[in-house]
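[1] Here's my sequence, what's the structure:
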Amino acid sequence: MPERITTELVNNGLGRSSESCLERVISVAKSSSQRIGSKRANPLEHYESMKVRDYCLNLKKLL
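    Okay, the predicted model is just below:
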């Protein structure tokens with residue numbers, strides 16, 4: 001979904017390009033499949049399951 005949003009922003013002149021700089025490195029259970037709310041991943045678990053792709057760390061200019 002985020003890629004669709006950024007692609008549309010670029011298509012409408014709100015940027016030159018879009019890069020997918022985050023990747024999930026640890027699986028997180030899908031919230032909709034968890035019947036008990038306490039079993040759902042919290043924001044910290046989502047944050048800790050992601051990393052910035054190496055090539056994005058070397059970008060010369062970020063806006």
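[2] How about exporting the helix or strand encompassing Y47 as CSV, limited to the C-alpha atoms?
    Here Y47, judged by DSSP states H and E, is contained in helix 43-48. Provided in CSV are the C-alpha atoms of helix 43-48 (Å, rounded to 0.1, in the frame of the first residue of the first chain):
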residue,chain,number,x,y,z
PRO,A,43,3.9,-0.5,17.7
LEU,A,44,7.2,-1.3,19.2
GLU,A,45,7.1,-4.9,17.9
HIS,A,46,6.4,-3.5,14.4
TYR,A,47,9.2,-1.0,14.7
GLU,A,48,11.7,-3.7,15.9
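[3] Quick check: next helix or strand after it?
    strand 50-52.
[4] which residues touch that next one?
    C21, L22, E23, R24, V25 (C-beta atoms under 8 Å, 6 or more residues apart in numbering). C-beta coordinates here come from the backbone N, C-alpha and C atoms, glycine included.
[5] wait, doesn't the fourth one sit right on Y47?
    What that stands for is R24. No. Using C-beta atoms under 8 Å as the test, R24 is too far from Y47 to be in contact (10.8 Å).
[6] Mutual contacts of the two, please.
    If you check R24 and Y47 against C-beta under 8 Å, 6+ apart, no residue is contacted by both.
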